[in-house]
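Undergrad: I'd like to go over a predicted model; first the sequence, then the structure.
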Amino acid sequence: MMHQSIATIASPEFINLQPLDINPLMSKCEIKVLYLGENRNHSYITEDVARDMAKTLRGAPIVGYYKEENEDFADHGEQVIFDDEGIKFNCLTKPYGFVAPDAQVWFQEFEDTDEFGNKITRKYLMTTGYLWTGQYEEAKRVIEKGNNQSMELDEESLQGHWSTDNKTGMDFFIINDAIFSKLCILGEDVEPCFEGARVTAPQISNSFSKVDEGFKQTLFTMMQDLKFALEGGKNMELEEKTNEVVEEVAAIEEETPVAEEEAVVEEPVVEAEEVATEEEPSIEAEFTAEEDGEETPSEEIEENVTAEDAEEEVEPEVEETEEEASEEEVSLEEYQALKSSYADLESKYNELLEFKNAVELKEKSALIDSFYMLSEEDKKEVRENINSYSKDEIEAKLSVICVRNKVNFEQDNSDKNDINVEEENSAITTFNLNNNEESIPAWISACINTQNSKK
């Protein structure tokens, strides 16, 4: 007989995992999936279509075909087999990870450069995923060096039509709808359809916020508390506080990406200027090489340099210094503003959290009191740990104690009804019609006065 395991009537005991409680043998990655417009395989994807397709990215597998002899990944791993049974198609790729169900998905512009040096700005669809680097050693290469990537679409769900570009005369397949079936890791020597599509370690997604991971976790917790508060909807003061916090969070999310984009654009300029200033002394160093007792060409060059030339060489360095200083001042101001916003947000969050805990404590106490059929000794352990248990856990634990104590609910209900009847009877007001006028109700006094007047 096979072993059987049947669930009991008792409620399940859930483990409260945190958002960042994930398997440590995984590594987070960032994926440039595709870019908008026409591409090299003669297909065309608009932003609206890509936005709809993005809804199917979460949960998609990240696959690859690794060749040990090359110490790198290969192509899509499609294999055609010819044998006596005919032609067969085999896929050599295997899963190396996945796009998380809660992955971030966004559009980001990049400047691509082709093999001829031509530059073009493209808007890429991007997302984040996880690779099993602890399980597969070769997956670490993707995180450390980065690899090309090519997305695959589900053929059955693919919808579109062919159209001709009037300017170039080329035919393009206009994609109207499709589902992502997988994202494939490619080798460095394999050109993807979308030139800049790659799988790398997190780069842009890590710069969405200028604060550390602790802030992100705190922000996530705050949003969960906001959700609890908004769903309750019982207190106007609570709703006002939650609306203020939501507005602060939205403002931070809008301001931070812009600052990061400016930083990304400005960094290459500074690097180019630094390289130029470093190259000039290296040229002079070549001319200053001399032998013992011989005059060097560098001395002749220095004599021909005029004072005006020297001023021209010095001025750019001063301008660079001023620009760098202004950039540092702007970055410092942005950081201070973000820090101030975070402190204000944290203060409001603490007030909201304190109010929420008070509401929860009151509801939990009421729930414990509703188990009138149990003694205080039975409920002692639950009361002592009331802050550690949720309401569902409290109800489950006290229900189990009722079952263990074999509580007769019918008898308890009848006793409770008797008590209610006695309380109602005792609540009946009696009046003593004596000479004490202060104890006589007004309506009885009115009746007595009416009767006396008739006499």
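TA: Alright, I've got the coordinates.

Undergrad: tell me where the chain has helices.
TA: 47-53, 139-144, 213-232, 236-287, 297-304, 307-369, 380-384, 391-404, 409-426, 442-454 (DSSP state H).

Undergrad: count the residues that sit near residue 382.
TA: 21 (other Cβ atoms under 10 Å). Using the backbone N, CA and C atoms, a C-beta is placed for each residue, glycine as well.

Undergrad: residue contacts, residue 70?
TA: residue 187 (Cβ atoms under 8 Å, 6 or more residues apart in numbering).

Undergrad: and for residue 205?
TA: Counted by Cβ under 8 Å, 6+ apart, residue 205 has contacts 30, 104, 126, 128.

Undergrad: so the third one sits right up against residue 35, yeah?
TA: Put plainly, it is residue 126. No - counting by Cβ atoms under 8 Å, residue 126 does not reach residue 35; the two are 10.0 Å apart.

Undergrad: more neighbours: these two, which one.
TA: Shown here are residue 126 and residue 35; by other Cβ under 10 Å, residue 35 has more neighbours (26 against 23).

Undergrad: quick check: chain neighbours aside, which residue is closest to the more buried one?
TA: residue 122 (4.1 Å; Cβ to Cβ, 6 or more residues apart in numbering).

Undergrad: quickly list what the one you found is bridged to.
TA: residue 110 (DSSP bridges).

Undergrad: which residue ranges of the stretch 51-200 of the chain form strands?
TA: Here the stretch 51-200 of the chain has its strands, by DSSP state E, counting those that start in this stretch, at 61-64, 66-67, 72-73, 78-83, 86-91, 94-98, 105-113, 119-131, 147-153, 159-164, 171-177, 180-186, 198-200.

Undergrad: those: which one's closest to residue 334?
TA: strand 105-113 (20.1 Å; Cβ to Cβ).

Undergrad: so what touches the closest one?
TA: By Cβ under 8 Å, 6+ apart, strand 105-113 touches 32, 35, 47, 50, 54, 57-58, 119-127, 195-196, 204.

Undergrad: compute the inter-axis angle for it and strand 119-131.
TA: Between strand 105-113 and strand 119-131, the angle comes out at 130 degrees (axes from the mean of the first three to the mean of the last three Cα atoms, to 10 degrees).

Undergrad: the contacts of strand 105-113, buried ones only, as a ChimeraX selection?
TA: To isolate the buried members of the contacts of strand 105-113 in ChimeraX, using 16 or more other Cβ atoms under 10 Å:
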select :32,35,50,54,57,58,122,124,125,126,127,195,196,204
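
Undergrad: quick revisit: for the strands of the stretch 51-200 of the chain, give me JSON lines that also has distance to residue 364 and mean pLDDT.
TA: Converted to JSON lines, the strands of the stretch 51-200 of the chain look like this (distance: least, Cβ to Cβ, whole Å; pLDDT from 0 to 100):
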{"stretch": "strand 61-64", "distance to residue 364": "43", "mean pLDDT": "95"}
{"stretch": "strand 66-67", "distance to residue 364": "54", "mean pLDDT": "93"}
{"stretch": "strand 72-73", "distance to residue 364": "54", "mean pLDDT": "94"}
{"stretch": "strand 78-83", "distance to residue 364": "59", "mean pLDDT": "73"}
{"stretch": "strand 86-91", "distance to residue 364": "54", "mean pLDDT": "77"}
{"stretch": "strand 94-98", "distance to residue 364": "38", "mean pLDDT": "95"}
{"stretch": "strand 105-113", "distance to residue 364": "39", "mean pLDDT": "94"}
{"stretch": "strand 119-131", "distance to residue 364": "37", "mean pLDDT": "95"}
{"stretch": "strand 147-153", "distance to residue 364": "49", "mean pLDDT": "94"}
{"stretch": "strand 159-164", "distance to residue 364": "53", "mean pLDDT": "93"}
{"stretch": "strand 171-177", "distance to residue 364": "49", "mean pLDDT": "93"}
{"stretch": "strand 180-186", "distance to residue 364": "45", "mean pLDDT": "95"}
{"stretch": "strand 198-200", "distance to residue 364": "47", "mean pLDDT": "95"}
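
Undergrad: this completes my enquiry, with thanks.
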